[in-house]
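**Student:** sequence and predicted structure are below.
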Amino acid sequence: MAIKNLIFDLGAVILNLDQDKTLRAFKRLGSDLDEINISSALFTDFETGKVDASYFVQALHTHLKGNASIEQIIQAWNAMLLDLPAHRIDLLKALKKKYKLYLLSNTNTIHIEALYKEHGHDIFEDIFEKIYLSHEIGLRKPNKNCYEFVLQDANILGSETVFIDDNKGNIRGAEEAGINTIWAKEPLDKWFLAELKALVVGG
């Protein structure tokens with residue numbers, strides 16, 4: 001199989017993530033994010049750029065009936081963001097010598113700003129051909145049109161591309177769009193090289 005392109009998810013693949021930390025942080029503030037997610041489109045709207053950060057934070061502030069400050073809400077929202085191991089950046093740089101690399105992430109302005117503040121705005125500049133963030137492109141995984149947008153915008157073929165994500169639903173969405181996939185059961189490491197080789201040889 002002729003693989004030319006790799007599309008990586010960000011959270012829990014490249015960046016270490018613990019979403020439970022954010023859930024616990026909001027429970028301490030007196031809110032259940034799962035309940036909000038079920039009862040409203042707030043999180044999806046934020047991740048697809050339909051509402052901005054100030055609207056999002058104010059909505060949570062209102063939900064909490066003013067019992068938490070704006071700063072506490074942002075801190076709780078960012079609690080899930082952990083470290084960005086240097087060896088993963090090195091692995092991506094090594095892969096870039098053979099493949100075109102892209103990033104596709106369901107994310108939002110608050111998380112991205114926190115990431116760039118911690119690691120610098122140019123952390124991925126020399127690695128990825130292009131970065132696709134849900135709040136910027138207005139599309140979100142696992143919707144098929146999200147993957148189709150990336151393929152068309154990058155001018156690449158799904159048959160020559162591998163998508164890597166820790167979320168099984170996102171993997172299925174990419175497969176529906178005709179993209180080869182590797183399910184990241186754990187964050188990016190040397191295991192990926194073996195799986196990629198098996199996929200290439202097996203195809």
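**Tutor:** All right, it came through fine. Note that the structure is a prediction, hence the values are computed from the model and not measured.
**Student:** flag the shaky bits of the chain, pLDDT-wise.
**Tutor:** Where the chain drops to pLDDT under 70, the residues are 1, 203.
**Student:** which residues in it form strands?
**Tutor:** Secondary structure of the chain (DSSP state E): strands at 5-8, 100-105, 130-133, 161-165, 180-183.
**Student:** and the third one, what other elements does it pack with?
**Tutor:** When you say that, I think you mean strand 130-133. Helices and strands touching strand 130-133, by 3 or more Cβ pairs under 8 Å, 6 or more residues apart in numbering; DSSP states H and E, are strand 100-105, helix 144-154. All C-beta atoms are positioned from the backbone trio N, CA, C, and that covers glycine.
**Student:** what about 10 Å?
**Tutor:** If you count contacts as 3 or more Cβ pairs under 10 Å, 6 or more residues apart in numbering; DSSP states H and E, strand 130-133 packs onto strand 100-105, helix 109-119, helix 144-154.
**Student:** packed most tightly, which of those would that be?
**Tutor:** strand 100-105 (a mean of 22; mean count of other Cβ atoms under 10 Å).
**Student:** quick one on the thing from earlier: CSV for the strands of the chain, including distance to residue 65?
**Tutor:** Output for these, formatted as CSV (distance: least, Cβ to Cβ, whole Å):
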stretch, distance to residue 65
strand 5-8, 40
strand 100-105, 32
strand 130-133, 31
strand 161-165, 36
strand 180-183, 41
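**Student:** not counting sequence-adjacent ones, nearest residue to the residue nearest the centre of the chain?
**Tutor:** Per Cα atoms, centre = their mean, the C-alpha nearest to the average position across the chain is that of residue 105, at 2.9 Å. The shortest distance from residue 105 to any residue other than its chain neighbours is 3.9 Å, reached at residue 10 (Cβ to Cβ, 6 or more residues apart in numbering).
**Student:** same check on residue 60?
**Tutor:** Sequence neighbours aside, residue 73 is the residue nearest to residue 60 in space, at 5.1 Å (criterion: Cβ to Cβ, 6+ apart).
**Student:** show me what contacts the one you found?
**Tutor:** With contacts defined as Cβ atoms under 10 Å, 6 or more residues apart in numbering, residue 73 is in contact with 25-26, 29, 31, 56-61, 63-64, 110.
**Student:** so for stretch 133-143, what gets flagged as buried?
**Tutor:** Under the neighbour-count criterion of 16 or more other Cβ atoms under 10 Å, stretch 133-143 has 133, 134, 135, 139, 140, 141, 142, 143 buried.
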